[in-house]
Every structure is written in structure tokens, then in C-alpha cells.
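*Asks:* Sequence and predicted model, in that order:
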Amino acid sequence: MSVGVKVQIEPPAGASATEWTKLGQVLLDQGRVNSTQLRQGLKAQGELGVRLGEALIQLGYLDAILLCEALVQQAGLPTADLQDRVPDAQALALIPSEFAFLHKLVPLACNDTSLRLAMANPFDALTCEAVRVMTGRTIQRFYCPEGELTAALRRFYGSSVARMIADLDDDSAAAPTAQDLTSQLQEMAREPSVVNLVNLIILEAVEARASDIHLEPYEKVFKVKYRIDGLLQEVSPPPKRLQAAITSRVKIMAGMDIAERFLPQDGHIAFLCPRGKVDMRVATVPTIHGESVAMRLLDRSAGMLDLEHLGMDAELLGQLQGILTRPHGIFLVTGPTGSGKSTTLYAALCRIASPEKKIITIEDPVEYQIEGINQIAVNRKRGIDFAGGLRAILRQDPDIIMVGEIRDRETADIAIRSALTGHLVFSTLHTNDAAGAVTRLLDMGLEPFLLASSLEGVLGQRLVRKICSNCQRVYHPEPLVLQRLGGGVQQVRTFYQGEGCSQCRQTGYWNRTGIFELLRITDPVRQAIVRRATAAEIASAAGMEQHSMRQDGLRRAMEGLTTLEEVLRVTQDTQTEEALN
């Protein structure tokens, strides 16, 4: 219930004046307001000519939800618990899903003459009257908190996307052919039903904490998938006949050419939702059954993380801070796509940013805007790439430089020479582990002695899913899992996993955290780099002080934060486990 909604105060049918307790006394008894606030509310009530509850809301002493709860107690209305209750199917069928979602109500049970109704605002007389006329039954009102009721609506009626898809799923219409004209595609993409469906797909992805949306065309189905906590989850597919319209709608929103269906395209969408602004990178690629669309979601309302909240232990965090305070050199963050490299770099930049230092970044794209840092976006159409942008940055007299990614020898060579001339350079690299970054740079053609002189540290990282706290329970891992992870794990008696619940979409996991390994470039490591050692040899040269990502993941599992199976899943491709175990 929004604060601006007026709550009608009506005594229940048949209640006497003595049963209708004064609202002000109820609010005092509940501790919602104090005597001073109540006196001011009564004064404002007379001056403004409104009800007492509305006056208290306008004064900022109360909100609509708290007022409704007080009115429920005042009226003596019963409360419905929908967490474990399943309404009668006959009652659900009486009220359309759209009406139930709009007015925030759930029918509980019915007979031939009456209907029990759970409502977020049981004092909404107009809605009660509309339900009475719609069903031909008298209404028995029950109160249910809005959050609990909204969750129940999704369980009992299904998600809004699934409901809309069911309404649109009509196979009688013919699918669009390859000869569709651009004007026809534009007309289809602007149909209200298609516009609303695409908006709902994006909104539900944001609510589900998805990082990506995938629209995948196949011969007989058009699939929609959300990537949640690193893994894809399929949702209700739209009708195949709407494939061209949905794809065209996304391309229009992203500023793409909808007439071009046989070449890859990239675009950008700025989408406004109740949580704030969500930026999306959109990419299309032609397949044999149509265009496949991938949308990367960046929720700007989520805020930036600091280093302490990334999941590092105290020892590793201290070592990392030592590298970040050095006057020059290169610091790299490595890992596959979607492993949180950019988040770590942003957190590092925020830690060392100060008015005395000039920090310039070049990124593709700029994911977060940071106060006090000059950020440049790659624009290849205008001739700005990583290498060219890095050359321009060096003419700006920077102290610290951040390059979004080292992709080629030219960028790597400029970054190395920038570090050797007194700059602190941050960047990312796509490798499986920290030691692999060294061999990757050598494979690009860099001179070993230059790399050994400039490189100061490499942080390898992965993201592991955290156990859902709502359904966490003790479990016994499979003996094979314990055997693969070593004897130290077998000594731990208690491990946890998520059983699966509605909060975590039955996955047993909720959100993610990082696991890390830090390769500090000590003298033995520099010597190994000069002689072009392998990744395993470089990891061995780092000595016992370096803990691998798997070891860090096991620490998190022993703390009950994640599962052993999750640690195995994300670390099975690292190259240096044998060298360190």
C-alpha cells in the first residue's frame, strides 16, 4: 500500500460505539505515536478537515501501512496467514488474476452466499463492493500484510509474465515470415501487448536479481532465460508467433536497426523500474531460427561494494592493500566473464581515491560512475579503443590508470611502459587463475624482463553462490566430494546446504560472494617470469604464503557460507591446484 492511498475508516458491520475504540488510543497502545505527536495530529485534523490517520501521515508521524494495522486492531478484523495456507480453487476462480494483483487481494474460501477475502487494505469499501457485485456474494474481510500477500499472489496466480503469456498464447495467428517489411515489424513491436510483455520480462528479471536475460529462438519454441547467481533459469516461453515482434521491440529500445536481421548488433537500454535506473547492454546474433538476444543488466541502484564486503579474509585484504598503496606498477584482476572483476577494481579505486591523485579510467562500457574519477567510455565508431585511449590518458598527467581489459599486445605493451614510467595501472585479464595471467601476457609477446619489472600483483577470483539463510540445513557431503577436496575437509563435522524454498526459487542458494587467490610478485616469482616458467611453476615459486581459490572456497564452506559442491563447480578449471596442494 502506498503512502498516498487514503484509508477509509469504517466500523465493522454490527459494531457498537463502545466496541469502536478510539484510533488515537490504539496508536498510543501500539507505540506508533507518542502523546505529543497525537496532540499535534488532533490539532492538524481540525485545521485540515481530514481524518486523524491522514493528518498523522501528512505530519510524517505514521505511514499508510502502520495506519492500516492500527485500524485492523481498532476494527477487530481477523488476520489471514497466507504463508502456509492454500486457498480453495473455487474461490480463486471467482476473481481474475489481473483484478487480484491490481487491488492486492486473495480469495480464501467461499460458499454459495459468502466469500472470505484477504486484503492488504480491508477498509477499501469500493473494492469490497466491486468484488461483491462481481461474485454475487457477501464479503468477509481479512487483513494480510502487503509483502506476504504479494508473495501469495505470485504463488497462487503465477508470475505476471506467465499470466500475460497465457493470455497471448493463441496459435491461430500465422507466424511472421522472412519477407516481413520493416514497417510491419515496427507496427508489431509497438503493439501494447508486446510492449507490456517485454517490460514485464525485464521487470521480473530485475526482481529476481538476474544479471542477464537471454531470448533464444529454436525451431518450435522461443525461450526466455534469466541468469540468476551465475546459472541460467528458464521461465515461461512466449508464443513462437511473437518471436519477431519481441525481438524487434528489444532492438527498437536498444537503438538498433530492426531491418538488419542477418548481422550481429550491439545496443544499450536505459530502463526505469521501481528500484531505480537499470542499464542494459544488448547484443544480437543471427541463428538458423532467428536472432538470439542477450541483455546484460546493470542495476545502478544496487550501489558500490567496498573491499571489506567482497569476501576476502583479513590476511589477504592486508596484502592487497599493500599492493594498492604502491606508487607504480601493474595490478591485474583475472577470472572468466561474470566473475566480478570490475566490481573488485571499482572497490579498489574507491579505496585509494583522494583529491591529491588524478585517476583516469577507460572502460567498455562505464558500468559505475564514481565521484572524483575521470572515466572514458570506449567508442570504436569514433576511433577510441583501449590502446588509443590509453595513449591519450598518458598525456593527461595521471597518477593512477585503470584499463577495463587487456585484450591485445598493443594495450599490454602501453600498460607495461606506463607502469615503468611511474604510473599505477589497474586492469583485468580473462584467465583461469592468477598464475595464468603471467603466461597469457608472455604469450601476447611481452618481454619477460619488462613484465617482471612492472607487475606487482595478480588477484584471481570466482563467485560462489551463498546458501539461502531461509532454508539452510545440515547435510553430509558425498564421500567422493570429500575425497576430491582433501583430508583437511574430512575433519570438519558440520556442513550446510539449502533445501530450497520460494525465496531462493527452489535452488537452495541466495546471492553470491567472492573467493580469491593473490599472487604477489616476489623475487622468486620475478625470476620465474624471466625464465618463462609455466603457470604451475610460477604458483610454486610463490611459496606456501599463496592460498589457491579452492582453499579460499573451502574456508567459506567450513564457515557455512557455501557448499562443497559449489566450491568444486567453480574451481575445477583452475590450473594451479596440483602445484599448491
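*Replies:* Sure, I can see it.
*Asks:* ok, the closest residue to Glu146 other than its chain neighbours - contacts?
*Replies:* Distances taken as CB to CB, 6 or more residues apart in numbering put Ala120 closest to Glu146, at 4.2 Å, once the chain neighbours are dropped. Where you see a C-beta, it was placed from the backbone N, CA and C, and this is true even at glycine. Counting by CB atoms under 8 Å, 6 or more residues apart in numbering, Ala120 touches Met1, Cys68, Lys104, Leu105, Tyr143, Cys144, Pro145, Glu146, Leu149.
*Asks:* Tell me the one of those residues nearest Ala244?
*Replies:* Set against Ala244, the nearest of the contacts of Ala120 by CB to CB is Lys104 (35.6 Å).
*Asks:* Can you tell me how far the closest residue in space to that closest one that isn't next to it in sequence is from Leu451?
*Replies:* Using CB to CB, 6+ apart and skipping the chain neighbours, the partner closest in space to Lys104 is Ala120 (4.0 Å). Going from Ala120 to Leu451 by CB to CB, to the nearest Å gives 62 Å.
*Asks:* Looks like Met48 contacts Gln58 (just checking).
*Replies:* Careful, residue 48 is Leu and not Met. Yes. Counting by CB atoms under 8 Å, Leu48 touches Gln58, with 7.2 Å between them.
*Asks:* Could you check which of these two is surrounded by more residues?
*Replies:* Taking other CB atoms under 10 Å, Leu48 and Gln58 do not tie; Gln58 has more neighbours (15 against 12).
*Asks:* State the distance from the more buried one to Gly340.
*Replies:* As judged by CB to CB, Gln58 and Gly340 stand 45 Å apart.
*Asks:* For burial, what's the neighbour tally of Cys144?
*Replies:* Using other CB under 10 Å, Cys144 has 25 other residues around it.
*Asks:* pretty sure it contacts Gln83?
*Replies:* No. Contact criterion CB under 8 Å: Cys144 and Gln83 do not qualify, at 9.8 Å.
*Asks:* Check the contact lists of those two and give me the overlap.
*Replies:* Here Cys144 and Gln83 have Ala152 as joint contacts, going by CB under 8 Å, 6+ apart.
*Asks:* Tell me where the stretch 351-500 of the chain has helices.
*Replies:* 386-394, 409-420, 434-443, 448-454, 479-485, 487-490 (DSSP state H, counting those that start in this stretch).
*Asks:* Check these for me and report the most buried one.
*Replies:* Ranked by mean neighbour count under mean count of other CB atoms under 10 Å, these are led by helix 434-443, which reaches a mean of 24.
*Asks:* do you know how far Asp519 is from Val26?
*Replies:* Small correction: residue 519 is Leu, not Asp. Taken as CB to CB, the span from Leu519 to Val26 is 64 Å.
*Asks:* neighbour-wise, which of the two wins?
*Replies:* Neighbour totals were compared for Leu519 and Val26, and Leu519 leads with 26 against 17 (other CB under 10 Å).
*Asks:* right, and the more buried one touches Val525 too?
*Replies:* Yes. Counting by CB under 8 Å, Val525 is a contact partner of Leu519 at 7.1 Å.
*Asks:* so what sits against both of the two?
*Replies:* With CB under 8 Å, 6+ apart, Leu519 and Val525 have common neighbours Ile538, Ala542.
*Asks:* taking the contacts of Ala120 one by one, which sit in strands?
*Replies:* Those of those mapping onto strands are Leu105, Tyr143, per DSSP state E.
*Asks:* Need the buried ones from the contacts of Ala120 selected in ChimeraX.
*Replies:* Only the buried entries of the contacts of Ala120 go into this ChimeraX selection, using 16 or more other CB atoms under 10 Å:
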select :1,68,104,105,143,144,145,146,149
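*Asks:* Between the contacts of Ala120, which sits nearest Arg440?
*Replies:* Glu146 (52.0 Å).
*Asks:* Roughly how far does the closest one sit from Cys68?
*Replies:* Distance, Glu146 to Cys68, by CB to CB: 9 Å.
*Asks:* thinking Ile538 is in contact with Gln527, fair?
*Replies:* No. Checked against CB under 8 Å, the pair Ile538 and Gln527 is beyond contact range at 10.1 Å.
*Asks:* Please, where are all the helices along the stretch 101-250 of the chain?
*Replies:* 125-135, 146-157, 160-168, 182-189, 192-207, 243-253.
*Asks:* between those helices, which one is nearest to Gly388?
*Replies:* Taking CB to CB, helix 243-253 is the member of the helices of the stretch 101-250 of the chain nearest to Gly388, at 29.0 Å.
*Asks:* Give me the angle between the closest one and helix 192-207.
*Replies:* Counting by axes from the mean of the first three to the mean of the last three CA atoms, to 10 degrees, helix 243-253 lies at 70 degrees to helix 192-207.
*Asks:* Let me see the contact set for the spatially most central residue of the chain.
*Replies:* With distances taken as CA atoms, centre = their mean, the residue of the chain nearest its centroid is Arg209 (3.2 Å). Applying CB under 8 Å, 6+ apart to Arg209 gives the contacts Ile228, Asp229, Asn511.
*Asks:* Give the residue from Ile538 and Gln527 that has the larger number of neighbours.
*Replies:* Comparing Ile538 with Gln527 by neighbour count (other CB under 10 Å), the higher total belongs to Ile538, at 26 against 12.
*Asks:* The more buried one and Leu442, how far apart?
*Replies:* As judged by CB to CB, Ile538 and Leu442 stand 10 Å apart.
*Asks:* Same check on Leu48?
*Replies:* Relative to Leu442, and taking CB to CB, Leu48 is found at 75 Å.
*Asks:* now Thr571
*Replies:* Distance from Thr571 to Leu442, by CB to CB: 24 Å.
*Asks:* Kindly report the same for Arg281.
*Replies:* According to CB to CB, Arg281 stands 31 Å off from Leu442.
*Asks:* can you check Ile288 too?
*Replies:* Ile288 is 40 Å from Leu442, by CB to CB.
*Asks:* do Tyr368 as well
*Replies:* From Tyr368 over to Leu442 the distance is 32 Å, taken as CB to CB.
*Asks:* for Leu115, same thing?
*Replies:* Taken as CB to CB, the span from Leu115 to Leu442 is 74 Å.
*Asks:* ok, back up a step: pipe the contacts of Arg209 into JSON lines and attach neighbour count per row.
*Replies:* JSON lines is the format used below for the contacts of Arg209 (neighbours: other CB atoms under 10 Å):
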{"residue": "Ile228", "neighbour count": "22"}
{"residue": "Asp229", "neighbour count": "21"}
{"residue": "Asn511", "neighbour count": "14"}
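*Asks:* Out of those residues, list just those in strands.
*Replies:* Filtering those for membership in strands, criterion DSSP E, returns Ile228, Asn511.
*Asks:* Name the member of the contacts of Arg209 with the shortest distance to Phe271.
*Replies:* Taking CB to CB as the measure, Phe271 lies nearest Ile228 of the contacts of Arg209, at 17.8 Å.
*Asks:* For the nearest residue to the closest one once chain neighbours are set aside, which residues are in contact?
*Replies:* Leaving aside its sequence neighbours, Ile228 sits nearest to Ala210 (CB to CB, 6+ apart; 5.1 Å). By CB under 8 Å, 6+ apart, the contact set of Ala210 is Tyr226, Arg227, Ile228, Leu297.
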